[in-house]
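Asks: build me a structure from this.
(3 chains)
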Amino acid sequence: MNPVLRWFHQLGSPPYFDRFAARWAPWGYGLGLLVMGVGIYLALFSVPPDYQQGDSFRILYIHVPAAWMSLLVYVLMALYAAIALIWRIKLCEILAMACAPIGAAFTLITLATGSIWGKPMWGTWWDWDPRLTTQLILFFMYLGVIGLYHAIDDRRAAARVASLLAIVGVALVPVIRYSVVWWDNTLHQGQTVSVFGESKLHASMLPPLVWMVIGTKFWFAGSLLARARADNLYREAGKEWVRKLATGKQRSGSA
Amino acid sequence: MTRPGLLRTGAALALRDLRLLWRRRGDALQPALFAVLVVVLFSLALGGEAELLAQVAAAVLWVAVLLSGLLALDTLFRGDAEDGSLEQWMLAPVPLAWLVLVRTAMHWATTALPLLLAAPLLAELLQLPRVQLPTLLAALALGTPLLSLIGAVVAALTVGMRRSGILLALLALPLYVPVLVFGAGSVALATQGLDPMGGLLLLGAGLVVALVLAPVVAATAIRIALN
Amino acid sequence: MLDQPPPTPLLRARGLRFTRNDNPVFGPLDFAVEGGEALLVRGGNGSGKTTLLRVLAGLLRADAGEIEIDGLPTRPQLRSQAMAYLGHLPALKSDLAVLENLQFLCGLHGRRRGQAPEAALAMVGLAGFEDTPVRQLSAGQKKRLSLARIWLSPVPLWLLDEPYANLDLGGIELVNRLVQAHLRNGGAALVTTHGAYAAPPVRTRELVLGGQVEPVPAP
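Replies: Model (predicted):
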């Protein structure tokens, strides 16, 4: 059998996945923090202030990667969900459900940073800007998946139902985005100042953005593996290998 | 005797639902009553001034329709799930999606249609300018079935749960946003003297797509949830 | 009897297995049910009798194994059309009358040729109750109504989960009579039961779950 395929098949075995996730999650977190650290340093110190917005534009370096992640994670969640439903693979159920809280967190960061960025420009903490409004709705969609997953007792049925919701959601996100933009043009009479403002992103302002985008991906990988590992252990609780893992750690005294 | 086909099973289900409605005909007015309550509350909170109300009339009406539809959603599948009827639907010789479609249509007819009929009255309470009324009614006629179909998917996802309550609303509302936007937006366009057809056509297109896809998705959800 | 090929069984299960949360519920099971025969499924509480019937009906998906109807392998959705399932929940609307419920269920599943709903009601002892709301029926009467529905169904295979529950002696006899008549018409039935007393007096085999899984011919 193709070694890659074999590895995928192995990964589906709960004990193997536990070891894999335990090994690589710290790398994800560590690399993520490192790369994001570099990105934030560059964002704060190496990029000159914007001629229009002064220093307040720097928050873009958190806002934009977070916004991209919030959408990417939703798509990834729906992808895992589809694989889980069509091929009935338990690992993909776990991965899909683990994506939801992470995506929700990124969405929350996007909303918070968008609001902070908007304050100097709009004068208020919130404006019904189409981008932020879509992010708000996306946040509720994440909460829906999380809520549905935790509302049903049978873990497998809960994961499958929440996966179906994720797939329905991902199909409707473009529709919702389009409708919010349409709404902004039709109903929203107020000043719609784009969060990016008038200035385009100059080439010299790009490097920190690149660092941040890569850094958030590493962080996401670490977080996903850690959450998936926890859910995996929870589902398999009571099995022999989990018991050995728990008592083995106790005996050796390590955390 | 040959196994019944789409028409026969659909008619049997529709007849059953009509009979059930007749036995509890008082219940049919509840969504409409709730919408009236919402309108009254809004009017009181806004001070009842004609000019202000007229500005927000279409929006308040849409929200009232949305909320009462949300409340009624719980009754879509709950009764049939609890007494084992859904199981028998799954065992019928016709696709479950067909039965879901018929059931949703009957549910719309018994909960949203009274609302539609009450809409002109509600519009009067909110001082909606008469010129907006035809667009509003057209938007509601297209939008409420769409809301029912989307609601059917959400209700199907939660059919296994005992008390869905606020979770149902949380799941449904993001999916309702496009309908609300295009529905209320069409009326706003009409108010500004612009052509509302764009919004109405989008609602219509959404309705056609939902008529085909929503029952299928809901049927899948029911099978998963009752597994 | 000499050189005739064995008749295709109405239902055959091969290697049927079902697990819940990775705990085995039953299996692997191999058995067949032929026309004119009843299969009694026995086992203690939690041995998976109800689950087995639901898997056969197509409501649940087995983790492994095949199910054949008339010799042809089937998918769950198609399979449900060959069987009538009487489960724990009777699928009766309490606001509707007895006859109205029956009419709906016949409209949904079809009706056996030459059988009128009113006659079926008389057969199960509910004559005169046609217009009674189901809400006013006792548990035993509701069971009889469900039996009338099963009697009217046009399919050859009956899956009866605890059909004797809630019934008095007359009711138990009724179930046996219905199963007998059904088998005489060439149909088959799978019946789960706890009780030692309630076995239909027809050609019956037993399937015991949660222990020995061999069909034992009844004496």
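Asks: who in chain C is up against chain A?
Replies: Residues of chain C lying close to chain A by Cβ under 8 Å from any Cβ of the partner chain are C:Asn21, C:Asp22. C-beta: built from backbone N, CA, C; applies to glycine.
Asks: any low-confidence regions in the chain?
Replies: Answering for chain A, as no chain was given. For chain A, the stretches with pLDDT under 70 are A:1, A:187-201, A:249-255.
Asks: looking at chain C here, not the other one
Replies: Scanning chain C with the threshold set as pLDDT under 70 gives C:1-6, C:195-203, C:210-219.
Asks: in it, which residue sits nearest chain A?
Replies: Across chain C, the shortest distance to chain A (Cβ to the nearest Cβ) belongs to C:Asn21, at 7.0 Å.
Asks: what's the nearest residue to that residue if we skip its chain neighbours?
Replies: Leaving aside its chain neighbours, C:Asn21 sits nearest to A:Arg156 (7.0 Å; criterion: Cβ to Cβ, 6 or more residues apart in numbering or on different chains).
Asks: on that earlier part again, and the residue of chain C closest to chain A, what is it in contact with?
Replies: A:Asp154, A:Arg155, A:Arg156 (Cβ atoms under 8 Å, 6 or more residues apart in numbering or on different chains).
Asks: ok, now how distant is it from A:Ala81?
Replies: 20 Å (Cβ to Cβ, to the nearest Å).
Asks: try A:Gly147
Replies: Distance from A:Gly147 to A:Ala81, by Cβ to Cβ: 16 Å.
Asks: quick one: which of the two has more around it?
Replies: More crowded of A:Gly147 and A:Ala81, by other Cβ atoms under 10 Å in any protein chain shown: A:Ala81, with 29 against 19.
Asks: hang on, isn't that one packed against A:Ser163?
Replies: Yes. If you go by Cβ atoms under 8 Å, A:Ala81 and A:Ser163 touch, sitting 3.4 Å apart.
Asks: joint contacts of those two?
Replies: Going by Cβ under 8 Å, 6+ apart, residues that sit against A:Ala81 and also against A:Ser163 are A:Glu93, A:Ala96.
Asks: can you give me the strands for chain C?
Replies: C:11-20, C:23-33, C:38-42, C:64-69, C:72-73, C:83-86, C:157-161, C:188-192, C:204-208, C:216-217 (DSSP state E).
Asks: spatially, what comes nearest to residue 80 if we skip its sequence neighbours?
Replies: Assuming you mean chain A. Spatially, and ignoring its direct neighbours in sequence, A:Tyr80 is nearest to A:Ala96 (3.7 Å; Cβ to Cβ, 6+ apart).
Asks: chain B is the one I meant
Replies: B:Leu86 (4.9 Å).
Asks: and the closest residue to chain A within chain B, how far from chain C?
Replies: Closest to chain A within chain B is B:Pro178: 3.8 Å, counting by Cβ to the nearest Cβ. Per Cβ to the nearest Cβ, to the nearest Å, B:Pro178 is found 32 Å from chain C.
Asks: which parts of the helix or strand hosting that residue are buried?
Replies: Taking DSSP states H and E as the definition, one finds B:Pro178 inside helix B:166-191. Neighbour counts over helix B:166-191 (16 or more other Cβ atoms under 10 Å in any protein chain shown) mark B:167-191 as buried.
Asks: so where's chain B uncertain?
Replies: Counting by pLDDT under 70, chain B has low-confidence residues at B:1-2, B:164.
Asks: who in it is up against chain A?
Replies: Taking Cβ under 8 Å from any Cβ as the contact definition, chain B meets chain A at B:153, B:157-158, B:160-161, B:164, B:167, B:170-171, B:173-175, B:177-178, B:181-182, B:184-185, B:188-189, B:199, B:206, B:217, B:220-221, B:224-225, B:227.
Asks: quick one: contacts for the residue most central in space within chain C?
Replies: Geometric centre of chain C, nearest residue: C:Leu159, 1.9 Å, by Cα atoms, centre = their mean. When contacts are counted by Cβ under 8 Å, 6+ apart, C:Leu159 touches C:Leu53, C:Leu56, C:Ala57, C:Met83, C:Ala84, C:Tyr85, C:Leu86, C:Ala189, C:Leu190.
Asks: quickly list what the nearest residue to the third one once chain neighbours are set aside is bridged to.
Replies: Spatial nearest neighbour of C:Ala57, excluding adjacent residues (Cβ to Cβ, 6+ apart): C:Tyr85 at 4.3 Å. Per DSSP bridges, residues listed as beta-bridge partners of C:Tyr85: C:Leu159.
Asks: which residues are in contact with C:Tyr85?
Replies: By Cβ under 8 Å, 6+ apart, the residues touching C:Tyr85 are B:Glu87, B:Gln88, B:Leu91, C:Leu53, C:Arg54, C:Ala57, C:Leu59, C:Leu159, C:Asp161.
Asks: if you set the cut-off to 6 Å instead, what comes out?
Replies: Counting by Cβ atoms under 6 Å, 6 or more residues apart in numbering or on different chains, C:Tyr85 makes contact with B:Leu91, C:Ala57, C:Leu159.
Asks: now swap in B:Leu99 and tell me
Replies: B:Leu13, B:Trp89.
Asks: quick check: next helix or strand after the host helix or strand of it?
Replies: Element membership for B:Leu99 (DSSP H and E) is helix B:96-125. Next along the chain after helix B:96-125, taking DSSP H and E as the criterion, comes helix B:133-157.
Asks: so which elements touch that next one?
Replies: If you count contacts as 3 or more Cβ pairs under 6 Å, 6 or more residues apart in numbering or on different chains; DSSP states H and E, helix B:133-157 packs onto helix B:96-125, helix B:166-191, helix B:197-225.
Asks: next, the buried residues of that helix.
Replies: For helix B:133-157, burial by neighbour count (16+ other Cβ under 10 Å) applies to B:133, B:135-157.
Asks: minimum distance to chain B, which residue of chain A gives it?
Replies: Nearest residue of chain A to chain B (Cβ to the nearest Cβ) works out as A:Ser179 at 3.8 Å.
Asks: now that residue: how far from B:Leu20?
Replies: For A:Ser179, the distance to B:Leu20 - Cβ to Cβ - is 35 Å.
Asks: quick one, what contacts the residue nearest to A:Ile137 when sequence neighbours are not counted?
Replies: Spatial nearest neighbour of A:Ile137, chain neighbours left out: B:Pro174 (4.8 Å); criterion: Cβ to Cβ, 6+ apart. Going by Cβ under 6 Å, 6+ apart, B:Pro174 touches A:Ile137, A:Phe140, A:Met141.
Asks: count the residues that sit near the second one.
Replies: Which is A:Phe140. Neighbour count for A:Phe140, taken as other Cβ under 10 Å: 17.
Asks: kindly report the same for A:Phe139.
Replies: By other Cβ under 10 Å, the residues close to A:Phe139 number 20.
Asks: how close does it get to A:Trp128?
Replies: For A:Phe139, the distance to A:Trp128 (Cβ to Cβ) stands at 15 Å.
Asks: also B:Ala109?
Replies: Distance of B:Ala109 to A:Trp128, given as Cβ to Cβ: 35 Å.
Asks: over to B:Ile224?
Replies: For B:Ile224, the distance to A:Trp128 equals 36 Å [Cβ to Cβ].
Asks: between these two, who's got more neighbours?
Replies: Shown here are B:Ile224 and A:Trp128; by other Cβ under 10 Å, B:Ile224 has more neighbours (21 against 14).
Asks: that one against A:Ala158, yeah?
Replies: No. Between B:Ile224 and A:Ala158 there is no contact under Cβ atoms under 6 Å: 10.0 Å.
Asks: near chain C, which residues of chain B are found?
Replies: Applying Cβ under 6 Å from any Cβ of the partner chain, one finds that chain B approaches chain C through B:1, B:3-4, B:9, B:12, B:16, B:19-20, B:23, B:83-85, B:88, B:91-93.
Asks: list the buried residues for stretch C:140-155?
Replies: Buried, per 16+ other Cβ under 10 Å, within stretch C:140-155: C:141-155.
Asks: ends of stretch B:120-134, how far apart?
Replies: 10 Å (Cα to Cα, to the nearest Å).
Asks: buried sites along that stretch?
Replies: Under the neighbour-count criterion of 16+ other Cβ under 10 Å, stretch B:120-134 has B:Leu122, B:Ala123, B:Leu125, B:Leu126, B:Gln127, B:Leu128, B:Gln132, B:Leu133 buried.
Asks: fine, thanks again, bye for now.
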